[in-house]
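> have a look at this prediction, sequence included:
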Amino acid sequence: MKVFLLHKGRDFDWQGKLPPVEKALTQDLELNILLDAMARGDRFLLDVAKKVVLSSLKDPEEIRYRQQVLGDCLRQSAIVREIYEIAVEAIETEKKVWLGLFSQSPDAILHRSLDLLQLLIGVLKKLRHIADEHAARFESEGFAVFFAMLAKELDDEYFLEMAAHLRQLRFRDGILISAGLAKGLKGTHYLLHKVPKLTWLQRVSLVMDRSAYTFRIAERDETGARMLGELKDRGTNLVANALAQSTDHIKSFFTMLRSEVGFYLGCLNLHEQLAQKAEPTCFPLPGALGTLALSFHGLYDVSLALRVQQRVVGNDVAADHKSLVMITGANQGGKSTFLRSVGLAQLMMQCGMFVPANAFSSSVSEGIFTHFKREEDATMKSGKLDEELSRMNDIADNITANCVLLCNESFASTNEREGSEIARQIIRALLEASVKVFFVTHLFDLAQGFYVQQMDDTLFLRADRQPDGQRTFRLIEGEPLPTSYGEDVYKRIFGGVPAE
Amino acid sequence: MREAAQRMIGPFRGILFEGPDNSSDAGEREVPAFFSDLNLDQVIESITSGRDEYNLKPFFYAPLNSLQAISYRHEILQDLEGKALFEHVGSFARKMRAMREHLAQAAKLYYKYEKEAWFLDAAEIYCEAVCSLAHDLTRGDLESRGLLAFRQYLTDYAQSDLFTSLLAETKTLKNRLAEVRYCLEILGTRVRVSKYDSQLDYSVDVEATFEKFKQGAAKDYRVKFSTWVNMNHVEARIAELVAQLYPEVFLTLDSYCDRHRNYLDATVGAFDREVQFYVAYLEYLKRFKAVGLTVCYPEVCEESKEVFAKDAFDVALANKLVTEKSPIVCNDFHLKDPERIFVVTGPNQGGKTTFARTFGQLHYLASLGCPVPGSEARLFLFDQLFTHFEKEEDLKNLSGKLQDDLVRIHEILDQATANSIVIMNESLTSTTLRDALFLGRKVLEQLIRLNLLCVFVTFVDELASLSDTTVSMVSTVVPENPVLRTYKLVRKPADGLAYAAAVAEKYGLTYQLLKKRIRGRVGS
């Protein structure tokens, strides 16, 4: 029994490695805010969300498979939440059946497994019931296959079969064991057998049967009773093992169900929170790898939207066929926010989620990398430029064609002339290796240098600033300007330039 | 001579402060704002590590404000640097710690007699600690006002009726308890407790009987019992019955515990905690001395701002390098009137930040009355210390980094006086070169007007020659190989060479190298 809601016809690889730059990516994109919104304080959902969001899909077809499943989830959220609750209930049955501290005997394992199974069968029935009732309302391929699987695998006959085993293994009619003979005529190869159902007449005739004898252990003979128990344990050892394994298998099915549905539940949680603020979302149009597609309308930083009360500003950009997007302009003008919004949307698209925008289309990438300005290294090992180069070195170790690199004020830790030169060389090398680069910078020398080349595949964006110095937090297309308006801020705080 | 010394000694007020009221507020102190910028948080963490029970950090958060207070500590530290005395104080501390552990155990226990026995042991250890220290101090040559006064206090205390009677009672009671023996007779579920009556050891008989079979080593069948510190209810019941067998001893124990509840002398207790300030600091310095670095007692000034230091180093960094067995580079600095401000420029990774931290650490440690890292130093007794170090961008703070920087710098400029120290490390870099130059100049001009001591680290070379009160310091590189840094800073004009490209090459991030790296991977 497989779930197959995250991939068509295969399991999600929960043991798969996260991208090598996962830590930097998480920190730079403020990804934890997004993941926390998906998890709503649930550690399990957090782990699931983190794994799935960071394991980007590379095939637009696979993305569409998830988008359709998620579409079903958004339309039938109550049912999806119910399925999730069922999976949780199944996994938590274990807590209800207590295993004594010293009772690692087959008898104890057997009885615990029986109790667990009894509960799990009840949960399976609930799941089957949901399939019966609601399967018709779901439209996606993923759910169609899932519900069909439940109907086939969990039919009525199967439930009867399980119930029969459970009854038998309670040994209400006694226990039947066979054994071979080993050295010293001791028992070996113990096997357990079903006790045949006998009619009243057969029972009477059995008593008269001369080929069988009966003995009793005295009521007070505690040692004898213990020995008998041991024999039973030998007999039930294999079946107890098999039964315990079966409960584990059922639980792992529910764990898989919980994990896969858990991702979609995280999406529902996020969607609810954004809907409450009336922030728009849409399903993105994923383009094939290497096609350099990117255009969006009303794209906002979802982490920021989750943090602040008011609506956040969205951006419109048409950057199809652009491999370098250079962003300059006013401090506090929304440049970092813009950069994060692009990175987050790309990540969200490539895990099959909706994106925070009115419309969004982008070609899939091989991987997303970030290089954001950081606080000085508290371990004192390296200076700032060294630290920046060291992180870029990690990126260079892993980046390949068709990846996206987001740089936020990289190489501002040295002077403008040299920072520009380092950045220029790196950008050139990356572009020639088919890496798409977004670069937020104050390095006028750098930005201006690319601007005068008038390359077709470069787009220049600028943080908007009105003549009175007010910021709109919106980015517009525009050439780099030689100052970042630090003077404005200075005047506001120091109350005018002091007299010389 | 001895009489003269005794006349000098005032009443003992505490080992950290000579005056009576200075110490009262030390308990509430908060971590100074500049601690993390100067890595002093790491320094204090290392110094106090393993000494949590003394709660020493507040003492390190409280700089002194008079030369008198500083010399009081210098003298004590110099005394404590004597090997024998240092050992004696260490031994005292170990005993006091053992005593506290016994008291803590007594408090945790449930049954009356076991609590009392643990308490008695605590008091015994305390008596021993006081007697030894009093004895050891009289043997040592003491010079400091603080320790001389304390020695007088402790001698008087050790000879007081209060203490001598505690000591005598403790000894007697311990001896009498050691003499008690009893027997248990268990039959089925019945246990009989009686006085011991010189019965012989039967196991000796048993061993003797089977001695002849012994054939060398044999398998060990002894069961290891769990050793619980506390009594179970059976043991407790037995103890009660033994107490009834020997009522006199146990009544004495009861009354002893009652009468000596508060045996610990408050002054001795305070000394035990406060002397750890010095012990911890000296202990911390040992690791530097071990690798050949020098520390010194600085000359601290209230008037002159002509500060200097030789062979100074960043202790937080040195501590790390010592552990890694890496070499440590020392630096010198000096200011001659009217110089006030070090403007530090030069290649990245050249030790600029380290220099800024070193300057701040030296002044702060000096203000605690402690030795400082360096072979010689004259330092200024500041009223306030401010730092502004480049910080990471934070999404929570939507007002923008440059604005935050300026708001914080504005606060600093508002609060600073001519007697303050300001350390700025690459402030105002989150903008264009033009802005950085404009803003840097504005801020530096105000710092110059304030006439305060300052270290100003920047990559804007133009700021290094703004006034005759600024001194340009430049981090240097090895001439033959620009990628190698010397971590030495020298007084010379800023030369605009940051060697950044050389570092880029070191990481394989030049155009040529990077292209080759990515192409190479596609091929493989």
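Structure's in. What do you need?
> mind listing what's buried in the longest helix along chain B?
Longest helix of chain B, by residue count under DSSP state H: helix B:112-139. The neighbour-count check on helix B:112-139 (16 or more other C-beta atoms under 10 Å in any protein chain shown) flags B:112-130, B:133-134, B:136-137 as buried. Just so you know, the C-beta spots here come from the backbone N, C-alpha and C atoms, and that holds for glycine as well.
> can you list contacts of the helix or strand just after it?
As assigned by DSSP states H and E, the chain's next helix or strand after helix B:112-139 is helix B:145-159. Here helix B:145-159 makes contact (C-beta atoms under 8 Å, 6 or more residues apart in numbering or on different chains) with B:5-6, B:8-13, B:15, B:18, B:72-73, B:75-76, B:79-80, B:130-131, B:133-134, B:137-138, B:142, B:163-164, B:265, B:267-268, B:271.
> which of these are buried?
B:9, B:12-13, B:15, B:18, B:72-73, B:75-76, B:79-80, B:130, B:133-134, B:137, B:142, B:163, B:265, B:267-268, B:271.
> now go through those residues and say which are in strands.
Using DSSP state E, no member of the buried ones among the contacts of helix B:145-159 falls within strands.
> ok, and the closest non-adjacent residue to A:R465?
Excluding its sequence neighbours, the residue lying closest to A:R465 (C-beta to C-beta, 6 or more residues apart in numbering or on different chains) is A:A330, at 4.3 Å.
> you'd agree that neighbour is up against A:A463?
Yes - A:A330 is in contact with A:A463 according to C-beta atoms under 8 Å; the separation is 4.6 Å.
> what do those two both touch?
A:R471.
> about what we covered before: which ones among the buried ones among the contacts of helix B:145-159 are found in helices?
Residues of the buried ones among the contacts of helix B:145-159 located in helices (DSSP H): B:72-73, B:75-76, B:79-80, B:130, B:133-134, B:137, B:163, B:267-268, B:271.
> now, the most widely separated pair of those residues?
For these, the maximum inter-member distance is 28.5 Å, found between B:R73 and B:F163 (C-beta to C-beta).
> quick one: the helices in the stretch 301-450 of chain B?
B:315-324, B:352-367, B:401-415, B:433-450 (DSSP state H, counting those that start in this stretch).
> the longest one vs helix B:401-415, what angle?
So the one you mean is helix B:433-450. Interaxial angle of helix B:433-450 relative to helix B:401-415 (axes from the mean of the first three to the mean of the last three C-alpha atoms, to 10 degrees): 10 degrees.
> check which residues of helix B:433-450 are buried.
Buried residues in helix B:433-450, defined by neighbour count with 16+ other C-beta under 10 Å: B:433-440, B:442-444, B:446-448, B:450.
> now do it: distance to the chain's middle.
Offset of helix B:433-450 from its chain centre (C-alpha atoms, centre = their mean, to the nearest Å): 38 Å.
> what parts of the stretch 151-300 of chain B come near chain A?
Counting by C-beta under 8 Å from any C-beta of the partner chain, no residue of the stretch 151-300 of chain B lies close to chain A.
> how about the strands in the stretch 151-300 of chain B?
B:182-187, B:190-195, B:295-296, B:299-301 (DSSP state E, counting those that start in this stretch).
> tell me the residues on the stretch 1-150 of chain B that lie near chain A, please.
Counting by C-beta under 8 Å from any C-beta, the stretch 1-150 of chain B comes close to chain A at B:S36, B:N39.
> got any ranges where the stretch 1-150 of chain B has weak pLDDT?
B:1-9, B:20-28 (pLDDT under 70).
> closest residue of it to chain A?
Nearest residue of the stretch 1-150 of chain B to chain A: B:N39, at 6.9 Å (C-beta to the nearest C-beta).
> quick check, that residue in contact with B:G360.
No - with contacts counted by C-beta under 8 Å, B:N39 stays clear of B:G360, the gap being 9.2 Å.
> out of the buried residues of helix B:433-450, which touch chain A?
Contacts with chain A are made by B:L433, B:R434, B:D435, B:A436, B:F438, B:L439, B:K442, B:Q446 out of the buried residues of helix B:433-450, judged by C-beta under 8 Å from any C-beta.
> max pairwise distance over those: which two?
Spatial extent of those (C-beta to C-beta) is set by the pair B:L433 and B:Q446 at 20.8 Å.
> on that earlier part again, any chance of the helices of the stretch 301-450 of chain B in JSON lines, plus distance to A:C351 and mean pLDDT?
Compiled in JSON lines, the helices of the stretch 301-450 of chain B are given as follows (distance: least, C-beta to C-beta, whole Å; pLDDT from 0 to 100):
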{"stretch": "helix B:315-324", "distance to A:C351": "40", "mean pLDDT": "92"}
{"stretch": "helix B:352-367", "distance to A:C351": "40", "mean pLDDT": "95"}
{"stretch": "helix B:401-415", "distance to A:C351": "31", "mean pLDDT": "88"}
{"stretch": "helix B:433-450", "distance to A:C351": "40", "mean pLDDT": "88"}
